[in-house]
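Asker: A predicted structure for the sequence below; I have some questions about it.
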Amino acid sequence: MPDKTLSYDYWESLVGKLPHFEAPSSKRSLLRGLLRAWDPLTRRVVWEQQTSEDYAVFDGGTMTTAGGLVFAGREDGTMMAYDARTGSILKTIQTGSAIMAAPMTFELRGKQYVSVLCGHGGMFLNFLGTAAWITSMKIGS
């Protein structure tokens, strides 16, 4: 699960003094992650799903299939399958590690699979040494 707190001490030990900001007291979340389906012809949002709240998040990319599925990974390790037309959640899989890459698909012996690389990359120094692996799931029977 992503860290919901900012440790100034940790980052200042790496980069030096940072400006400190106090979060305003509000019932509304300051940070939200969203996945939005956009119709370029009408220039409107068709559907959206919230992916995180109250913390900065680095979710993975998305992949859409010809069969009308959208796959997206989250930093909390959840791989999501959505209906591309409605945004309904069709399947949720907990991978056990952050997903920061975009899913990909392949066919093997007549079966279609979706795979995604799991684990934090080398984006920040505190992620070094995080294990990475590939999670795959079969589509259909």
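Answerer: Nice, thanks for sending it over. Keep in mind the model is a prediction, meaning the values are calculated, not measured.
Asker: who's in contact with the residue nearest to Thr65 when sequence neighbours are not counted?
Answerer: In this structure, Thr65 finds its nearest non-sequential neighbour in Thr105, 6.4 Å apart by C-beta to C-beta, 6 or more residues apart in numbering. Heads up, the C-betas are built off the backbone N, CA and C, glycines and all. The neighbours of Thr105, taking C-beta atoms under 8 Å, 6 or more residues apart in numbering as the test, are Met63, Thr65, Gln112, Tyr113, Val114, Ser115, Ile139.
Asker: for Thr105, give me the pLDDT.
Answerer: Listed pLDDT for Thr105 reads 89.
Asker: in the strand or helix carrying it, what's buried?
Answerer: When secondary structure is defined using DSSP states H and E, the element that contains Thr105 is strand 104-108. In terms of neighbour count (16 or more other C-beta atoms under 10 Å), strand 104-108 has its buried residues at Thr105.
Asker: buried residues, whichever helix or strand comes after it. List them.
Answerer: Sequence order places strand 111-118 as the next helix or strand after strand 104-108, per DSSP H and E. Using 16+ other C-beta under 10 Å as the test for burial, strand 111-118 gives Val114, Ser115, Val116, Leu117, Cys118.
Asker: would TSV of the contacts of Thr105 with pLDDT be doable?
Answerer: Conversion of the contacts of Thr105 to TSV gives the following (pLDDT from 0 to 100):
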residue	pLDDT
Met63	94
Thr65	91
Gln112	86
Tyr113	86
Val114	88
Ser115	88
Ile139	67
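Asker: how near is Trp11 to Lys111?
Answerer: Counting by C-beta to C-beta, to the nearest Å, the gap from Trp11 to Lys111 is 46 Å.
Asker: now Pro40
Answerer: When distances are taken as C-beta to C-beta, Pro40 and Lys111 turn out to be 32 Å apart.
Asker: cool, Val57 as well?
Answerer: Distance, Val57 to Lys111, using C-beta to C-beta: 32 Å.
Asker: just want the angle from the strand holding Thr105 to strand 111-118.
Answerer: Orientation note: strand 104-108 sits at an angle of 140 degrees relative to strand 111-118 (axes from the mean of the first three to the mean of the last three C-alpha atoms, to 10 degrees).
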